[in-house]
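Visitor: Provided below are the primary sequence and the corresponding predicted coordinates.
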Amino acid sequence: MTDMLVKLYALPALDAAVGVAASRGVMIRRAMAFEQDDLLRWVSKKFNPLWVQESRTAFGRSPIGLYLAVCHQEIAGFCCLDTTFVNFVGPIGIAVDQRAKGVGRALLLTCLYELKSCGFAYGIIGNAGEPVFFEKAAGATAIADSDPGPYPKRLRVPVSMGGHHGI
C-alpha cells in the first residue's frame, strides 16, 4: 500500500469535524493507560492483528500516541500516531456501525493537528488502505514509489528454535 502526504498547514477545520462526531454522540479523546488492555482486545477482534502491535507501541509514548472515538462508553474507533515512524499517522480503525458518520475524519484530523502542534508542516499516513478516504478527509496525496517504502520485510521466526537457551 502507498503512503500519503498531508499538508498540515492546509488542514480542514478540526472543530467542525469533532463537532460532527459529537452531534452523533461520539467523543474524540486521547486514550488513557488503564484502557490499553480493552483497546488491544477490541483491535485484535475487529482489525488486522498487526495493528495490535502498533497500538501497544502507542501506549508506550508519553503522552500516549493513540486517540479514541467513544460512544456510550464503548470504543467506536481509534487512530495512532508516531508508532512505526515519527510524524506518521495510522493505523486508524472505525467500528462498522460508525463508518461514514464523520468519526474517522474527526479521529484523523485530531491526530494530524497534534503533528501540526509539534511543528511539522507535513504529515504522513502510512500504508493508506483507503486512499479516497484520506484524500477527502484531509487532502492527502499519494507519495510516488512509497510501496513498500521504509518498511523492512517482516521477520521469519523458525517454528523450532532448537532448544538453546540464553545467549
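Guide: Structure's in. What do you need?

Visitor: so where do the strands sit in the chain?
Guide: Assigned by DSSP state E, the chain shows strands spanning 4-7, 26-30, 66-71, 74-81, 88-94, 122-125, 141-142.

Visitor: Check the offset of the third one from the chain's centre.
Guide: The gap between where strand 66-71 is centred and where its chain is centred comes out at 11 Å by Cα atoms, centre = their mean, to the nearest Å.

Visitor: And for the second one?
Guide: On the basis of Cα atoms, centre = their mean, strand 26-30 is displaced by 14 Å from the centre of the chain it belongs to.

Visitor: now it and strand 74-81, what's the angle there?
Guide: Per axes from the mean of the first three to the mean of the last three Cα atoms, to 10 degrees, the angle that strand 26-30 makes with strand 74-81 is 40 degrees.

Visitor: Sort out which residues of strand 26-30 are buried, please.
Guide: Residues of strand 26-30 classed as buried: Val26, Ile28 (neighbour count, 16 or more other Cβ atoms under 10 Å). (Each C-beta comes from the backbone N, C-alpha and C, glycine too.)

Visitor: elements contacting that strand?
Guide: Packing partners of strand 26-30 (3 or more Cβ pairs under 8 Å, 6 or more residues apart in numbering; DSSP states H and E): helix 14-23, strand 66-71, helix 103-117.

Visitor: please redo it, this time with the cut-off set to 6 Å
Guide: strand 66-71, helix 103-117 (3 or more Cβ pairs under 6 Å, 6 or more residues apart in numbering; DSSP states H and E).
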